[in-house]
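>>> After the sequence you'll find the predicted model.
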Amino acid sequence: MKVPTAPPAAPRIVGIGASAGGLVALEQFLEKTPPDTGLAWIVVQHLDPTQKALLPELLQRVTAMPVHEATQGMRIKSDNLYVIPSNTELTVVNGALMLAKPAEPRGLRLPINILFSSLARACGDGAIAVTLSGMGSDGTLGAQAVKAVGGLSVVQEPSSAQFDSMPKSAIAAGCADIIASASDLPARILAFVAQVPDRDRVEEDAQDTSSSAPLQQIVMHLQHHTRHDFSLYKTSTLLRRIERRMAIHSLDSLLLYSEFLAKNPHEIDLLFKELLIGVTSFFRDPEVWDYLVENTLPMLLAQRVADPALRAWSIGCSTGEEAFSLAMVFSEVVERLPEFRDFTLQIFASDLSSDAIAKARRGQYPLSIVENVSAARLARFFTRYDTHYQVNQQIRDMVLFAQHDVVLNPPFTRLDLIVCRNLLIYFDAMLQRKLIPLFHYSLRADGVLLLGSSETIGRSHDLFAPVQAKLRLYQRQNQVTTTGRHLPVRSFPPLSTFAKEHHVSSPKHPTVATDNLQSAADQVLLQVYAPAAVVLNHSGDIVYISGRTGKYLEPAAGKANWNFHAMVREGLRIPIGKALKQAVLQSSPLQLRGLHVSMQDDAQLVDVTVQALQEPSALQGMTMIVFRDVPRDVAAAADSTATTTAADNSYTALQQQYVDEIQALREETRTSKEELQSTNEELQSTNEELQSTNEELTTSKEEMQSMNEELQTINSELQTKLDDLALAQSDLQNTLNSIEIAILFLDQNLNVRRYTDRAAKIINLRESDLGRPLSDLTTSLLYPTLHEDAQVTLRTLVFSEKQIPTSDGRWFSVRIMPYRRLDNVIDGVVITLVDISATKKLEAALREQSVR
């Protein structure tokens with residue numbers, strides 16, 4: 001199929017989606033839409049696929065714009081209205097309308113989503129989507145796509161819609177920029193179009209220094225209110241999003257908008273959400289996921305044979321679709337490759353938006369995800385409900401969601417895979433150059449980095465080597481030094497470089513603080529020779545640190561946390577945790593010797609002393625932990641000998657005590673598990689039966705809902721036709737009553753079908769006589785053969801005309817002719833009676849005069 005090329009100047013396009021009750025909303029909308037806006041309008045409504053749509057004719061009555069039923073390849077022109085034909089899907093490609101047969105069966109079609117999504121692709125931030133009355137949620141995903149690319153999403157006020165499901169769904173998804181009644185929406189759209197600048201003007205404003213001061217004020221408002229810094233975002237991106245909000249509020253300068261923000265904190269929240277561009281979907285760019293399944297994940301699994309616990313980080317995860325997509329493909333890979341069945345993957349998914357993270361944690365997604373997720377994956381990884389799909393617990397447990405700022409917060413570390421797609425494109429070049437080394441630092445050896453289709457590693461070729469450059473897959477280069485590189489989190493040094501204790505020279509010039517010899521000596525001793533130590537309160541929080549503790553403690557990723565158990569390194573956490581509980585029960589210090597602490601590619605032996613403090617009173621109830629490194633020669637000697645100290649025996653006994661307790665708990669758990677297993681099997685069987693029934697009912701419900709929407713549309717069209725017929729009947733009745741001719745309509749059985757008021761004065765007729773035979777009626781006409789003449793005309797189709805007197809001395813010209821329908825079928829006769837009394841009198845007078 002040949003796709004036409006775009007014309008030089010394509011008009012801005014407004015897509016309008018409606019379903020049940022949409023005809024009334026469309027009429028209200030178009031009645032208030034001027035015919036010369038310069039915009040092109042496309043209407044998609046749920047139609048009966050078996051019937052020809054009457055929508056173009058009905059809409060032409062309420063608008064002066066030309067209304068066309070869309071055809072394949074039709075060019076889109078400004079100030080024209082295009083309507084979808086029945087049983088088709090309508091998209092916009094290169095300024096033309098493209099039609100296709102629906103891919104989904106009747107009842108599962110989402111034509112509004114398809115149109116809006118194509119507008120987002122074709123028009124970018126120039127797209128405008130309008131969601132009107134309708135049932136279901138069609139249009140929501142499409143409106144999200146339009147909003148994600150910077151377009152305008154407009155929704156009818158639910159209270160003004162006959163059916164509010166579609167408007168409510170769009171509003172609940174957070175993709176409604178303007179909410180108003182159908183009649184008010186055109187004015188709001190035109191005001192927005194007149195206010196919002198084009199892309200060229202945005203680029204000029206980005207280079208205009210005069211706008212920098214108000215823009216900085218806006219960024220400061222955001223930083224003070226949300227605690228997030230947008231100063232390193234691309235200026236053009238900021239301006240486009242800000243000027244969209246300005247257009248919605250009809251503000252024409254950044255300074256006025258800055259003042260508006262200062263007075264309206266709620267608008268700051270809206271702008272913050274506007275800047276958090278949440279475009280995402282399951283398995284976006286399928287070729288990338290295919291390559292991950294076939295090549296990248298198997299490669300990572302093969303590299304990590306010694307450590308089957310893999311870790312991944314999805315940065316800017318939005319509402320979680322990408323993180324769950326990764327979890328699903330990992331599950332498929334380990335199931336396909338039996339040698340890796342014992343491998344696990346922990347995915348850390350982070351985003352700046354708390355609303356997006358909250359939605360991701362729920363793991364609930366609309367039924368429209370069937371467009372992006374295969375039926376097999378839906379059946380395996382999701383549970384279907386009436387209004388949404390729920391991610392299964394197995395997949396949900398693989399993902400840990402956290403609100404996290406990749407610019408300000410410490411990163412997750414020791415990762416095998418980082419997924420950061422379409423986030424860097426919104427940052428300026430300086431911030432991008434800082435984040436790439438951060439990703440390198442966070443990955444383990446031979447880790448993989450996946451970027452978006454428009455992103456690259458820039459000049460950091462020494463840090464990453466391309467695995468599949470076209471798909472933006474890169475592998476970490478291991479033999480690289482990060483010295484001199486500036487990470488965005490300056491207060492968070494790389495964990496591979498531990499702080500070293502340096503020689504402290506004696507001060508050459510005495511000061512007030514070191515005048516006392518004893519104080520100076522104590523200070524030097526504490527700084528140089530005292531072991532590293534920390535003091536904990538009863539909650540395990542660190543209240544005091546002495547010496548260099550970087551070898552033993554590590555700041556946890558995410559929000560700052562000073563709890564000892566969150567910061568202590570692997571190898572120390574479990575034994576020190578047990579010792580803290582034991583130390584509370586005894587007054588003497590508890591010694592832990594020869595503990596191993598992991599340090600990237602090396603390990604260090606350390607002796608730890610744990611003592612509960614009772615004196616002085618200021619430290620009562622607290623615990624001190626002292627760390628002492630074991631010299632390497634001593635450590636080697638200790639490894640070669642099998643001496644056991646009293647402290648070792650104490651620790652061993654303590655360890656054995658906990659092992660016994662754990663074993664008892666395991667036995668209790670096993671017994672409970674066996675009992676629960678039996679109950680679970682019964683419930684599982686019942687659940688499967690109910691699930692099968694539920695699926696059948698859901699399918700039937702969807703089909704019925706689709707049919708109901710189509711019937712609603714047909715009903716609206718027929719109601720409009722009935723109104724037209726009633727008006728036409730009224731016009732006909734008034735026309736017949738306004739002429740001085742008596743007319744009587746008879747059906748094929750010569751029963752009364754219709755008559756005029758003048759006919760009722762000649763033939764005795766009233767409303768109840770409709771349907772009565774002509775022969776049963778009385779008349780003042782002296783015409784005994786009227787019934788027979790009507791039968792002859794009906795049989796022969798020959799007109800009959802006679803002059804007939806009445807009993808009161810009047811004369812009428814009685815004309816009998818066949819009643820012919822529009823389809824050329826004879827369906828009765830029509831009798832007209834014209835009063836010729838005056839003519840007869842004149843004729844008699846002339847005859848009398850001629851006789852004289």
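That came in fine, so what should we check first?
>>> Contacts only, for the nearest residue to residue 272 once chain neighbours are set aside.
In space, and not counting its chain neighbours, residue 272 is closest to residue 226: 5.1 Å by CB to CB, 6 or more residues apart in numbering. Bear in mind the C-beta positions are built from the backbone N, C-alpha and C, glycine included. Residues near residue 226 by CB atoms under 8 Å, 6 or more residues apart in numbering: 268, 269, 272.
>>> Distance check, the last one against residue 247.
Using CB to CB, to the nearest Å, one gets 18 Å for the distance from residue 272 to residue 247.
>>> Equivalent analysis for residue 846, please.
Distance from residue 846 to residue 247, by CB to CB: 84 Å.
>>> Neighbour count: those two, which is higher?
Using other CB atoms under 10 Å as the criterion, residue 846 and residue 247 rank with residue 247 on top: 19 against 10.
>>> now the host helix or strand of the more buried one, how far from the centre of its chain.
When elements are assigned from DSSP states H and E, residue 247 belongs to helix 235-248. Per CA atoms, centre = their mean, to the nearest Å, the displacement of helix 235-248 from the mean C-alpha position of its chain is 21 Å.
>>> I believe residue 390 is in a strand; please confirm or correct that.
Yes. If the criterion is DSSP: H, G, I helix; E, B strand; the rest coil, then residue 390 is within a strand.
>>> State the pLDDT value of it.
You'll see residue 390 listed with a pLDDT of 93.
>>> Specify the beta-bridge partners of it.
residue 364, residue 383 (DSSP bridges).
>>> My read is that it contacts residue 364, right?
Yes. Assessed by CB atoms under 8 Å, residue 390 is found in contact with residue 364 at 5.6 Å.
>>> Nearest residue to residue 559 in space, ignoring adjacent ones along the chain?
Closest to residue 559 by CB to CB, 6+ apart is residue 409, at 7.4 Å.
>>> Listing request: residues of the stretch 701-850 of the chain with sub-threshold pLDDT.
Within the stretch 701-850 of the chain, the ranges that satisfy pLDDT under 70 run 701-703, 705-707, 709-710.
>>> before we move on, back to that, where does the residue nearest to residue 559 fall, phi/psi-wise?
Dihedral pair for residue 409: phi -90, psi 150, per degrees, to the nearest 10.
>>> Which pLDDT value goes with it?
If you check residue 409, the pLDDT there is 82.
>>> Distance from stretch 68-80 to the middle of the chain?
Counting by CA atoms, centre = their mean, stretch 68-80 comes out at 29 Å from the chain centroid.
>>> Start and end of that stretch, how far apart?
8 Å (CA to CA, to the nearest Å).
>>> would residue 845 count as being in a helix?
Yes. Remark: residue 845 belongs to a helix, assigned using three-state DSSP.
>>> Lowest-scoring secondary structure element of this structure by mean pLDDT?
Across the helices and strands of the chain, mean pLDDT, DSSP states H and E gives its lowest value to helix 199-207, namely a mean of 49.
>>> could you point out which element follows it?
Counting by DSSP H and E, what follows helix 199-207 is helix 212-226.
>>> what angle separates that following helix from helix 235-248?
80 degrees (axes from the mean of the first three to the mean of the last three CA atoms, to 10 degrees).
>>> pLDDT (mean, whole number) over helix 212-226?
Here the average pLDDT along helix 212-226 is 81.
>>> Dump it to PDB, keeping only the CA atoms.
Extracted as PDB, the C-alpha positions of helix 212-226 are listed here (Å, rounded to 0.1, in the frame of the first residue of the first chain):
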ATOM      1  CA  SER A 212      15.800  33.300  31.300                       C
ATOM      2  CA  ALA A 213      15.000  35.300  34.400                       C
ATOM      3  CA  PRO A 214      11.200  34.400  34.500                       C
ATOM      4  CA  LEU A 215      12.100  30.800  33.600                       C
ATOM      5  CA  GLN A 216      14.600  30.600  36.500                       C
ATOM      6  CA  GLN A 217      11.900  31.900  38.800                       C
ATOM      7  CA  ILE A 218       9.500  29.200  37.600                       C
ATOM      8  CA  VAL A 219      12.200  26.600  38.200                       C
ATOM      9  CA  MET A 220      12.800  28.000  41.700                       C
ATOM     10  CA  HIS A 221       9.100  27.700  42.400                       C
ATOM     11  CA  LEU A 222       9.200  24.100  41.400                       C
ATOM     12  CA  GLN A 223      12.300  23.400  43.400                       C
ATOM     13  CA  HIS A 224      10.900  25.000  46.600                       C
ATOM     14  CA  HIS A 225       7.500  23.300  46.300                       C
ATOM     15  CA  THR A 226       8.500  19.800  45.100                       C
END
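>>> Check the offset of that helix from the chain's centre.
Counting by CA atoms, centre = their mean, helix 212-226 comes out at 27 Å from the chain centroid.
>>> residues of it that come out buried?
214, 215, 217, 218, 219, 221, 222, 226 (16 or more other CB atoms under 10 Å).
>>> Make JSON lines out of those and add distance to residue 135.
Below are these laid out as JSON lines (distance: CB to CB, whole Å):
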{"residue": "214", "distance to residue 135": "45"}
{"residue": "215", "distance to residue 135": "44"}
{"residue": "217", "distance to residue 135": "45"}
{"residue": "218", "distance to residue 135": "40"}
{"residue": "219", "distance to residue 135": "43"}
{"residue": "221", "distance to residue 135": "41"}
{"residue": "222", "distance to residue 135": "39"}
{"residue": "226", "distance to residue 135": "37"}
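>>> out of the residues you listed, which one sits closest to residue 830?
Nearest to residue 830 among the buried residues of helix 212-226: residue 218, at 77.7 Å, using CB to CB.
>>> Please tell me how far that closest one sits from residue 234.
From residue 218 over to residue 234 the distance is 15 Å, taken as CB to CB.
>>> repeat for residue 596
47 Å.
>>> Sort out which residues of the host helix or strand of residue 379 are buried, please.
Per DSSP H and E, residue 379 falls inside helix 375-381. Across helix 375-381, burial judged by 16+ other CB under 10 Å covers 377, 378, 381.
>>> quick one: contacts for the first one?
In other words, residue 377. Applying CB under 8 Å, 6+ apart, the residues near residue 377 are residue 328.
>>> and residue 802, bridged to which residues?
With DSSP bridges as the rule, residue 802 is bridged to residue 814.
>>> burial of it, as a residue count?
13.
>>> List the contacts of it.
783, 789, 813, 814.
>>> Same check on residue 781?
762, 763, 804, 805, 806, 812, 814, 833.
>>> Against residue 245, how distant is it?
Separation of residue 781 from residue 245 (CB to CB) stands at 81 Å.
>>> Nearest spatial neighbour of residue 24, chain-adjacent residues omitted?
Nearest non-adjacent residue to residue 24 (CB to CB, 6+ apart): residue 162, at 6.3 Å.
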